[in-house]
Every structure is written in C-alpha cells, then in structure tokens.
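1. What shape does this take:
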Amino acid sequence: MHLPVLPDLPAVSYIMPVLNEEDFLERAVRTILSQDYAGEKEIVLALGPSTDRSDAIAASLAAEDPRVRLVENPERDIPAGLNRAVDASRYPVIIRVDAHSELTPEYTRRGVEILARERVANVGGIMRAAGIGDVQRAIARGYNSPYGLGGGAYHGDGVPGEAESAYLGIFRREAVEAVGGYDREILRGEDWELNLRIRRSGGRVWFSPELRVTYWPRASLSDLARQFFATGTWRAVLVRKYGRANPWRFFAPGALVLGLAASTGGLVLLAAGVLPWASAWPVLLVPGIAYLTGIVVATARIPDQRGVHDRILTAATLTTMHVTWGAGFLRGIVFGGGRLFGRGRVVDRSRV
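-> Numbering: from 1, shown residues only. This is a model prediction of the structure:
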C-alpha cells in the first residue's frame, strides 16, 4: 500500500456515528473540537434515526460552528454511518471518535505525529474504561483487566509496535479508501475487520501507549450481557468469514460455555443418581470447578476494589462477560449474525 508523505499539520476529519446520544453529544463534540492540534479540523456526524433530541442538538452545533457537518444515516448501523461520514469528509487524516469515549487533549497531535513518523495506515492507543457507581466501576475493572477482555494491546499498557487492530483509530484516508471502507454487513467487530483488510492490502496498523481514550461502559449487568452476547455473535460471523485470521483467544469463551454446560448437566445427573459418583463421570465437573477457581483468583488479583461488595460485583462482571460472549459466539457459529447488534445503553445520568 503506497502512502504519500503527510504534510506538516495535515487537516483532520473526525467521524462519529450518532444514535440516541442527547446526554453526551454536545460535550463530545466540544471536547473533540478543542483538541490541542493546530491543524484544520472538521467533525462529521452521521445521524441515525434517534428517538431523543440528538438531531436537534447536532443541528444546533452545526449552526454554531461550520466545522460541524451532518449527514443522514437512515440504516442506523455503525458501519453504514461511518462510511457516510467518510464520504462526506474532506481531509487526509480520518479520526474515528465515539460519543461515549473521551480523548486526552493531545490525542490528535500525538496521533498524527506517529502516523507520519511510522508511515502507517492506522494508529490507535489505549482504551481505559472508567465508571461512576459501583456497578459501572466493576464493569470498567473487567474491561481494564486481562481477566475480562484480555488479548488486544489497547486493553493494556503494552509497548509501541505493529498491532492486529486499533481502538477507534487515526487513519490515512488513502488506506480506508483503498479497501472500500467499513463492511456494511459486519454490524459489530467492524474495526477489527477493517484493520484486517488494511493489513492484507499491505498497510500497517500501529499501537502506541502514548494515545489514551477514556471509555464509559454500560452501567448495568443486564446491558453488559446484551452487549457481549451481540459482540460474541458477530465475532462468530467474522470466524465464519475469515477463519484462521481470527486469534485463538476468540474461541475460548465458546469453549468455556460448552464446558460449563457439560459440568452443569453432569452435576444434575450425578445429584439425581442417574450417573454414579463412583465412576469416571464426575470428570464432567472439572470445567466448572476450574472456571470457578479461576474467577476467584482473578477477582483477588484485580486492583482498585474496596471490600467484599466490590469483589462480588467484579466476579459477577467477569462471569457475565465470559458467559454471554461465549453464548453469543456459539449462536453466531450456528445461525450467523442476522440483525442482532445490541446497541441499547442505559444512560448513567450521574455523570451528565
């Protein structure tokens, strides 16, 4: 992939899909446009069919500042909205942003410097989850721990270097256009899929711990479960499509759910006397015992917990993440993705 040399202080286009973001949108836009970057900026908001005041807020922001531009996204899906925003944007650097993520002030400046210095197609940094309230803080601990999500460099501190994917991302326009943008059929996991095609076309994806983004996760375990079930389902779609290009860690939650199902079934049959305890059948309990032991160990090691209540919430969060992701993965392997995408979010009004 040929990437021409970037000019000094290239103009940047931020792209953001918007759907029911009335409590976050204005602050997100103002934070983005106040980035510590001397180059020219614009932000393109792809407006889905919101049922709240998001469209009115977006229109007010655009009327106030010509750097804010609006496009319609009637499909509502994230990949379609991102593509529409890319098409409407004008500048050589494209920065994906999200209404529920907050960039550090120097994010754009440092990211553009790395993009030019390393001659890469995309650069991303660390996603650090944060929470307000006991449950959201527990969910944030799960996000930030390798025991929760694990694997991706952007969930830990790591070292600079080439990466499999990037959180959000600061892209060269040429790289995005060369591969045809986001796949409109992949409703979750669209970032990983785009970065895979960029890498296959000869572009490089770079991770830098200098870049940090604060992410505000779901604020309830029920919302977290819906989100992770959808995410697991769409990861299975990517496995069906790309096979071995998917890292092995994406198969682990599905295997876990099968193991837990075997342990649960075995326990029921042993307790009912259908299977004898004095036999080899109790080996079915091993996956469940091993997982419970792992949860206890992980909960003990995760930092920033204040007492037994926090540890219980941490254990519940980890279990929710693993089991719902794995169940969604198995569902997706068998049935595909359909229209399942799980964008529901309960607003935590304590921080608005």
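
2. what about the protein, any weak spots by pLDDT?
-> Scanning the chain for pLDDT under 70 picks out 150-157, 339-352.

3. quick check: longest strand of it.
-> When the chain is parsed with DSSP state E, its longest strand is strand 205-215.

4. partner strands of that strand, parallel or antiparallel?
-> Applying DSSP bridges, strand 205-215 is found paired with strand 101-103 (antiparallel), strand 122-129 (parallel), strand 161-162 (antiparallel).

5. Give me whichever of the ones you listed is most buried.
-> strand 122-129 (a mean of 25; mean count of other C-beta atoms under 10 Å). Every residue, glycine included, has its C-beta placed from N, CA and C.

6. Tell me the helix or strand right after that strand.
-> Next in sequence after strand 122-129, counting helices and strands by DSSP states H and E, comes helix 134-144.

7. How about that following helix, which residues are buried there?
-> Residues of helix 134-144 classed as buried by neighbour count (16 or more other C-beta atoms under 10 Å): 135-144.

8. Just list what that helix packs against, helices and strands only.
-> With contacts taken as 3 or more C-beta pairs under 8 Å, 6 or more residues apart in numbering; DSSP states H and E, helix 134-144 sits against strand 122-129, helix 221-242, helix 308-335.

9. Quickly compare these and say which is most buried.
-> strand 122-129 (a mean of 25).

10. Please state the offset of it from the chain centre?
-> 10 Å (C-alpha atoms, centre = their mean, to the nearest Å).

11. ok and that strand relative to helix 134-144, angle-wise?
-> Using axes from the mean of the first three to the mean of the last three C-alpha atoms, to 10 degrees, the inter-axis angle of strand 122-129 relative to helix 134-144 is 140 degrees.

12. the helices in the stretch 1-150 of the chain, which residues?
-> Taking DSSP state H, counting those that start in this stretch as the test, the helices found in the stretch 1-150 of the chain are 25-33, 54-64, 78-88, 107-118, 134-144.

13. would you list those in JSON lines and tack on distance to Asp183?
-> Formatted as JSON lines, the helices of the stretch 1-150 of the chain follow (distance: least, C-beta to C-beta, whole Å):
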{"stretch": "helix 25-33", "distance to Asp183": "25"}
{"stretch": "helix 54-64", "distance to Asp183": "25"}
{"stretch": "helix 78-88", "distance to Asp183": "6"}
{"stretch": "helix 107-118", "distance to Asp183": "23"}
{"stretch": "helix 134-144", "distance to Asp183": "25"}
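
14. Tabulate the helices and strands packed on helix 134-144 (a markdown table), appending distance to Met16.
-> As requested, the helices and strands packed on helix 134-144 are arranged in a markdown table below (distance: least, C-beta to C-beta, whole Å):
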| stretch | distance to Met16 |
| --- | --- |
| strand 122-129 | 16 |
| helix 221-242 | 19 |
| helix 308-335 | 26 |
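
15. quick one on the thing from earlier: adding distance to Phe171, write the strands paired with strand 205-215 out as a markdown table.
-> Shown next, in a markdown table, are the strands paired with strand 205-215 (distance: least, C-beta to C-beta, whole Å):
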| stretch | distance to Phe171 |
| --- | --- |
| strand 101-103 | 15 |
| strand 122-129 | 5 |
| strand 161-162 | 15 |
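
16. so which of the ones you listed gets nearest Leu82?
-> strand 122-129 (13.4 Å; C-beta to C-beta).

17. got the angle between the closest one and helix 107-118?
-> 140 degrees.

18. send the alpha carbons of strand 122-129 over as CSV?
-> Output of strand 122-129 as CSV, limited to C-alpha atoms (Å, rounded to 0.1, in the frame of the first residue of the first chain):
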residue,chain,number,x,y,z
ASN,A,122,-3.8,3.5,11.1
VAL,A,123,-2.7,4.2,14.7
GLY,A,124,-4.5,3.7,17.9
GLY,A,125,-3.8,3.7,21.6
ILE,A,126,-5.1,2.5,25.0
MET,A,127,-8.8,2.3,25.8
ARG,A,128,-9.1,2.9,29.5
ALA,A,129,-12.6,2.2,30.9
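
19. Can you check which of the helices of the stretch 1-150 of the chain gets nearest to Ser101?
-> Among those, helix 25-33 comes nearest to Ser101, with 8.0 Å by C-beta to C-beta.

20. what's the farthest-apart pair in the buried residues of helix 134-144?
-> Maximum pairwise distance in the buried residues of helix 134-144, criterion C-beta to C-beta, is 15.1 Å, between Val135 and Asn144.

21. Secondary structure element for the residue at minimal distance from the centre of the chain, which one?
-> Centrality entry for the chain: nearest residue to the mean C-alpha point is Tyr167, 6.8 Å, by C-alpha atoms, centre = their mean. Assigned by DSSP H and E, Tyr167 belongs to no helix or strand.

22. Thought Arg128 was touching it, still the case?
-> No - counting by C-beta atoms under 8 Å, Tyr167 stays clear of Arg128, with 9.9 Å between them.
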